[in-house]
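S.K.: Pasting a predicted model and its sequence here:
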Amino acid sequence: MVAAVHERTFSVEFICQKPFADILDQIGEVPLPPYIHRDLINGRAQNDRNSYQTVYAVHKGAVAAPTAGLHFSDALLEQIRQKGIELIEITLHVGYGTFMPVRVDDIREHQIHSEYYTITADGAEKITRAKTQGRRVVAVGTTSVRALEFAARNNSTVVPGSGSCDLFIFPGYEFKMVDAMITNFHLPKSTLLMLVSAFAGRENILSAYAEAIKEKYRFFSYGDAMFIG
């Protein structure tokens, strides 16, 4: 049943005899972006539980996969470790705001949806140590960028903890923690496009997107990635 109606979203309450998470596992389908269409097999869409998921996913709770991480395989992660690059995992639950376009003329009036995150004490200590040693912090995905910037207290310290991140990053924002990022090519009018524009500069991003269109790169969830540093 619909428990509450918001501006463009609804809160829905499910009443069932079994644990709701168990029912989702049995009959639920992976929520895909609206631009991905699947042919039905025996009346249902094909199973995206493996293909539309990162190899390092652990905890349930996200609305969608952090798609920048789809580019990594176990073998590739091992190659990165062999190069002496330290890998730190943080928990991110991608929210509906990932798909919500900006519909206001003044972006400062846009209300971004919050996303749950967890940064462990060990992870925060390792990230802080890397910054104080002059090493670069490279975030995989814009959700990781937002969580790290939200948890940063200055240009060298990340505070551990869990909570809801509602940080809206757009041009003019001064980054504290993230030195580089890996990200996909995003939808027009999205907060993600504004975030990368804040990081690399609007003209640089528009130039990169023009080149991607010229070279017929793949966009969005299953698309190509770019490294911005």
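M.R.: Thanks, I have it.
S.K.: and the spatially most central residue of the chain, what does it touch?
M.R.: Centroid-nearest residue in the chain: T143, 3.3 Å away (criterion: CA atoms, centre = their mean). By CB atoms under 8 Å, 6 or more residues apart in numbering, T143 lies in contact with 66, 92, 94, 98, 115. For the C-beta atoms, the positions are set from N, CA and C on the backbone; glycine is no exception.
S.K.: So E13 is in contact with F20, correct?
M.R.: No. The pair E13 / F20 is not scored as a contact, 10.0 Å apart, by CB atoms under 8 Å.
S.K.: Looking at those two now, which is surrounded by more residues?
M.R.: Of the pair E13 and F20, F20 is the one with more neighbours under other CB atoms under 10 Å, namely 11 against 8.
S.K.: And for that one, nearest residue in space, chain neighbours not counted?
M.R.: Setting aside the residues directly before and after it, F20 is nearest to F14 in space (CB to CB, 6 or more residues apart in numbering), at 5.5 Å.
S.K.: And for that neighbour, the neighbour number?
M.R.: 9.
S.K.: Quick check: the gap between it and D48.
M.R.: Going from F14 to D48 by CB to CB, to the nearest Å gives 22 Å.
S.K.: Which is the succeeding secondary structure element to the helix or strand bottoming out on mean pLDDT in the chain?
M.R.: Using mean pLDDT, DSSP states H and E, strand 44-45 stands out as the lowest-scoring helix or strand of the chain, at a mean of 58. For strand 44-45, the succeeding helix or strand toward the C-terminus, using DSSP states H and E, is helix 74-82.
S.K.: Check the average confidence over the helix or strand following that following helix, would you?
M.R.: Downstream of helix 74-82, the next assigned helix or strand under DSSP H and E is strand 91-93. If you average the pLDDT over strand 91-93, you get 87.
S.K.: Work out the gap between strand 91-93 and the centre of the chain.
M.R.: Offset of strand 91-93 from its chain centre (CA atoms, centre = their mean, to the nearest Å): 8 Å.
S.K.: neighbouring strands for that strand, and are they parallel or not?
M.R.: Note on strand 91-93: by DSSP bridges, its sheet partners are strand 115-119 (antiparallel).
S.K.: can you state the direction angle for the helix or strand just after the strand it pairs with and strand 115-119?
M.R.: Following strand 115-119 in sequence order, the next helix or strand is helix 121-132 (DSSP H and E). Between the axes of helix 121-132 and strand 115-119, defined by axes from the mean of the first three to the mean of the last three CA atoms, to 10 degrees, the angle is 80 degrees.
S.K.: Alpha carbons of helix 121-132, in PDB - could you do that?
M.R.: Provided in PDB are the C-alpha atoms of helix 121-132 (Å, rounded to 0.1, in the frame of the first residue of the first chain):
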ATOM      1  CA  ALA A 121      37.500   3.000  11.300                       C
ATOM      2  CA  ASP A 122      40.200   0.900   9.500                       C
ATOM      3  CA  GLY A 123      39.200   2.300   6.100                       C
ATOM      4  CA  ALA A 124      39.100   5.900   7.300                       C
ATOM      5  CA  GLU A 125      42.600   5.400   8.900                       C
ATOM      6  CA  LYS A 126      44.100   4.000   5.700                       C
ATOM      7  CA  ILE A 127      42.600   6.800   3.500                       C
ATOM      8  CA  THR A 128      43.700   9.500   5.900                       C
ATOM      9  CA  ARG A 129      47.200   8.000   6.000                       C
ATOM     10  CA  ALA A 130      47.400   8.000   2.200                       C
ATOM     11  CA  LYS A 131      46.500  11.700   2.100                       C
ATOM     12  CA  THR A 132      49.000  12.700   4.800                       C
END
